[in-house]
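Chemist: Below is the structure, and that's it, no one-letter string:
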């Protein structure tokens, strides 16, 4: 098995190192990751300027692009053999609920799925500057990689995994979950730079997740690992039927 590892925290992050260490022995590993943090870049591709690639180790590459670029470049040209699995992470913060629309970590797995490769993203739900337990999350990622190798994934489907940032003994199990909903408490910070020009910083006062039964937020609140199958088809099929009844015409 040829596994492509990527992330959005950068090539030198502790999370990607833990993942590489734990996935050794499952097959050949290739790592392509941004040369700096690219959090919250979403599913963006770099189309308006060239992407620079630097090989920094055996089958390890740093690029000045996005996580989605990493997967695209690896599959389309950098790597010399077919990729069998894309693993994105380990992210140093949760990717729960609506976060998946912003997350570079999840988007890298989406890109792999779009290219027809089984893919999953894994995050540690670090809060309040606590030290993330990447070691346990990496061990769990290894188990998932083995199961995907054996069972596969449906077309257009990826897994979004969130691991509670607690001691292994406090993990209460694994929950198969739906994507939850969250309430943003954003703030727009307005400042003046040394040259007298106004600049803005989009900040956050924290996130409140709705702990609905069966949701990823609920699982994490109960110290369970959340595994959410995400589908790339965003069509609202229920409303699709209603929309046809609108009889919209030119």
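Modeler: Okay, I see it. Model, not experiment: these values are computed from the prediction.
Chemist: tell me the strands in the chain, going along the chain?
Modeler: 2-6, 28-34, 53-57, 60-63, 85-91, 119-125, 157-164, 174-176, 182-192, 198-209, 225-231 (DSSP state E).
Chemist: Who does the last one pair with, and is each partner parallel or antiparallel?
Modeler: Going back to what we said before, that points to strand 225-231. Next to strand 225-231 in the sheet, as set by DSSP bridges, lie strand 157-164 (antiparallel), strand 174-176 (parallel).
Chemist: Now do it, average pLDDT.
Modeler: For strand 225-231, mean pLDDT rounds to 98.
Chemist: What of stretch 72-80?
Modeler: The average pLDDT for stretch 72-80 rounds to 93.
Chemist: Then stretch 53-64?
Modeler: 96.
Chemist: And for stretch 188-199?
Modeler: 89.
Chemist: for the protein, what helix or strand is lowest in average pLDDT?
Modeler: strand 198-209 (a mean of 71; mean pLDDT, DSSP states H and E).
Chemist: these two touch, right, residue 137 and residue 92?
Modeler: No: contact between residue 137 and residue 92 fails when scored by Cβ atoms under 8 Å: they sit 10.2 Å apart. Every residue, glycine included, has its C-beta placed from N, CA and C.
Chemist: overlap in contacts of these two?
Modeler: Listed as contacting both residue 137 and residue 92 by Cβ atoms under 8 Å, 6 or more residues apart in numbering are 15, 123, 124.
Chemist: Weed out the non-buried ones from those residues.
Modeler: 15, 123, 124 (16 or more other Cβ atoms under 10 Å).
Chemist: Distance to residue 74 and pLDDT for these - can I get that in a markdown table?
Modeler: Below are these laid out as a markdown table (distance: Cβ to Cβ, whole Å; pLDDT from 0 to 100):
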| residue | distance to residue 74 | pLDDT |
| --- | --- | --- |
| 15 | 18 | 96 |
| 123 | 21 | 97 |
| 124 | 24 | 95 |
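Chemist: Closest one of those residues to residue 41?
Modeler: Minimum distance to residue 41 across these is 15.0 Å, recorded for residue 123 (Cβ to Cβ).
Chemist: Scan this protein for its longest helix.
Modeler: Counting by DSSP state H, the longest helix found in the chain is helix 134-151.
Chemist: Give me the helices and strands touching that helix, please.
Modeler: Using 3 or more Cβ pairs under 8 Å, 6 or more residues apart in numbering; DSSP states H and E, the elements in contact with helix 134-151 are helix 14-23, strand 85-91, strand 119-125, strand 157-164.
Chemist: Would you point to the one among the ones you listed that's packed deepest?
Modeler: Ranked by mean neighbour count, the helices and strands packed on helix 134-151 are led by strand 85-91 with a mean of 30 (mean count of other Cβ atoms under 10 Å).
Chemist: Okay, now the sheet partners of that one, with direction.
Modeler: According to DSSP bridges, strand 85-91 has these partners: strand 2-6 (parallel), strand 119-125 (parallel).
Chemist: what stretches of the chain score poorly on pLDDT?
Modeler: 128-129, 183-186, 203-210 (pLDDT under 70).
Chemist: Is residue 4 bridged to anything, and to what?
Modeler: According to DSSP bridges, beta-bridge pairing links residue 4 with residue 30, residue 86.
Chemist: so how many other residues sit close to it?
Modeler: 26 (other Cβ atoms under 10 Å).
Chemist: now it: how far from residue 119?
Modeler: 9 Å (Cβ to Cβ, to the nearest Å).
Chemist: joint contacts of those two?
Modeler: Counting by Cβ under 8 Å, 6+ apart, the residues touching both residue 4 and residue 119 are 85, 86, 87, 112.
Chemist: Residue 6 is in contact with the second one, correct?
Modeler: This means residue 86. Yes: shown here, residue 86 and residue 6 form a contact pair, counting by Cβ under 8 Å, at 7.0 Å.
Chemist: residues shared between the contacts of those two?
Modeler: Here residue 86 and residue 6 have 71, 108 as joint contacts, going by Cβ under 8 Å, 6+ apart.
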